[in-house]
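J.: Fold the following and give me the result.
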Amino acid sequence: MTKAPPAIKDLLQPGDSAPIELTFAPVSGVFASASLLQVTMLDYANPTGSEPFTIVREPPGLPGDQIPCNLAGYGSAAGVSSAVSMVDFGVTTAGCASQTATITVTSNGPGSLCDVTLDGCGEEFELLNLPEIPACDANGGGYPMPVGGELDLALRYVPAGVGEDTCSLAVTANDGQTTALKVALYGTGTDAFEQTDTLTQPVSPEVDVLFVVGSGAAMSEEQSLLGTHINVFLAHAESLGASYHLGVVSADRPGSSPTVGLLQSDGGAQPRFFTPETGTIGFVNTVTSLSPLTGGPAGLEAAHSAVTPPLTSGPNWEFYRSAARLEVVFVSDRPDTADASEYLEKFRYLKGTKYLARFRAHAIVGDPELGCTSDLGTADADGPYTALAEQTGGLVRSICTADWAPMLSELGAAILGPVTRVFLSRLPADPSALELAIDEVPCELGFDHDPPLNLVLLDPAGPCVPTGTQVLTVHYATACLNP
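T.: Here you go, the predicted structure:
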């Protein structure tokens with residue numbers, strides 16, 4: 001019962017009513033639940049004996065009496081989720097197919113899927129690899145999904161004409177009635193076979209920087225070096241007038257609590273995150289006050305939890321900005337045990353498919369394969385953090401580096417300096433034939449194309465990086481994939 005009228009004499013006059021608000025919140029499993037709501041009222045208009053009122057109960061009954069239940073609810077624990085809430089296929093030439101998008105549906109509890117459909121979609125959107133899903137009935141059925149089980153759904157967009165198309169992917173839960181998951185689908189058809197993308201350096205760019213830092217005694221020197229040289233890192237933000245949010249979370253799991261991803265604040269002595277307005281005087285205290293946590297490495301989970309609900313609507317509120325670039329820097333002497341590819345999907349779609357370039361990971365970790373040893377100590381060989389950084393176009397540097405100032409300056413230039421990555425809105429037919437120009441003056445050197453990310457990477461010291469109000473254009477013929 002989440003809302004009830006107060007117990008005030010004469011609150012209700014003849015003919016009056018007052019609402020009672022009830023909430024049904026099943027906590028586990030798939031089950032039917034029944035209960036009883038009984039209201040007890042004191043009727044002062046009808047005194048009884050020595051009492052100035054009559055006790056009225058609705059429904060009638062005393063403790064111990066058998067009374068039919070008047071509340072019922074059915075809890076569905078389909079518990080399926082996806083890191084993707086929206087897929088925007090962007091612009092596609094009519095009659096051609098978009099690139100295939102994969103949505104991974106994950107089961108958070110045992111159960112079955114009863115149906116996977118395209119809701120409100122025309123023939124433009126296609127499900128490519130849907131397995132056979134048996135019908136659900138009172139005896140069960142459906143597509144079995146064990147705890148942690150995954151189902152990959154491949155979709156593509158083939159516009160029939162010019163214009164915008166929208167609908168959704170709907171996943172029905174194991175009661176056969178509840179829509180457990182909906183993913184919005186968008187696409188735009190065009191008759192053009194060429195595309196021009198542009199880049200102008202933003203004025204006061206917004207960047208959210210999350211440092212995911214290992215804890216414990218073995219990391220004390222590295223924590224101190226990071227905190228001591230943070231202003232070297234931020235010097236590039238000052239030159240561009242960047243609006244940054246700078247936060248710190250632990251890369252390790254608490255031993256006594258399942259919560260990871262909480263922004264650290266030196267026990268509340270420092271801000272939850274740092275901005276140009278707060279300054280960074282307390283940053284070193286925040287980084288060096290990370291408590292030793294014994295639950296094992298969990299940096300990937302911590303980073304994702306820090307910028308998603310429920311923490312973003314609770315203790316981490318206001319740090320993450322949906323329109324800002326998100327740059328995550330992992331600093332650890334121990335590798336994570338999670339799968340980097342799983343979190344690659346989660347992070348890439350956090351910003352939406354049209355803005356994949358707004359997320360990037362970086363890693364200051366042990367050297368791949370062999371790890372490293374220095375005066376600071378020994379670091380294990382890294383895998384997941386390095387993989388996520390490489391797959392998103394970030395920097396990977398050794399945690400055993402003796403002088404951290406140049407390393408953090410380089411990292412700051414990449415994160416907070418001029419934008420040097422151009423996300424192509426469509427797939428080029430021939431990446432080697434890209435035509436770049438600044439204010440219509442051709443630029444033929446100092447850039448490369450990254451096929452996995454479909455990005456144009458600009459050499460920071462090259463001639464193709466626009467400055468001030470200059471406009472960089474990237475013109476290309478677009479690929480037409482066979483439907």
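J.: tally of neighbours for Gly383?
T.: 17 (other C-beta atoms under 10 Å). For every residue, glycine as well, the C-beta is placed using N, CA and C.
J.: Wait, it touches Pro335, no?
T.: Yes - assessed by C-beta atoms under 8 Å, Gly383 is found in contact with Pro335 at 5.0 Å.
J.: care to break the chain down by domain?
T.: Taking automatic domain parsing as the reference, the chain has its domains at 1-75, 80-192, 196-200+421-477, 206-416.
J.: now the ones you listed in JSON lines, with mean pLDDT and distance to Pro483?
T.: Shown next, in JSON lines, are the domains of the chain (pLDDT from 0 to 100; distance: least, C-beta to C-beta, whole Å):
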{"stretch": "domain 1-75", "mean pLDDT": "74", "distance to Pro483": "40"}
{"stretch": "domain 80-192", "mean pLDDT": "87", "distance to Pro483": "4"}
{"stretch": "domain 196-200+421-477", "mean pLDDT": "93", "distance to Pro483": "14"}
{"stretch": "domain 206-416", "mean pLDDT": "88", "distance to Pro483": "19"}
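J.: Pick the most buried one from those domains.
T.: Highest mean neighbour count among the domains of the chain (mean count of other C-beta atoms under 10 Å): domain 206-416, with a mean of 19.
J.: how distant is that domain from the center of its chain?
T.: In terms of C-alpha atoms, centre = their mean, to the nearest Å, the centre of domain 206-416 is found 15 Å from the chain centre.
J.: Span of stretch 375-389 from start to end?
T.: Terminal residues of stretch 375-389 lie 26 Å apart, using C-alpha to C-alpha, to the nearest Å.
J.: next one: stretch 119-131
T.: 18 Å.
J.: now do stretch 89-107
T.: For stretch 89-107, the end-to-end distance is 25 Å (C-alpha to C-alpha).
J.: just the helices in this protein please.
T.: 220-228, 230-240, 283-288, 299-306, 340-348, 384-391, 404-416 (DSSP state H).
J.: and the residue most central in space within the chain, what does it touch?
T.: Centroid-nearest residue in the chain, with C-alpha atoms, centre = their mean: Leu350, separated by 4.1 Å. Contacts for Leu350 (C-beta atoms under 8 Å, 6 or more residues apart in numbering) come out as Ala83, His304, Val307, Thr308, Leu326, Phe359.
J.: and if you look at Arg156?
T.: Counted by C-beta under 8 Å, 6+ apart, Arg156 has contacts Phe89, Ala97, Ser98, Gln99, Thr100, Ala101, Phe125, Glu126, Leu128.
J.: quick one: which of the residues you listed sit in strands?
T.: Per DSSP state E, strands hold the following members of those: Phe89, Ala101, Phe125, Glu126.
J.: okay if I get the contacts of Arg156 as CSV plus distance to Asp208?
T.: CSV is the format used below for the contacts of Arg156 (distance: C-beta to C-beta, whole Å):
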residue, distance to Asp208
Phe89, 26
Ala97, 34
Ser98, 29
Gln99, 27
Thr100, 30
Ala101, 25
Phe125, 32
Glu126, 35
Leu128, 35
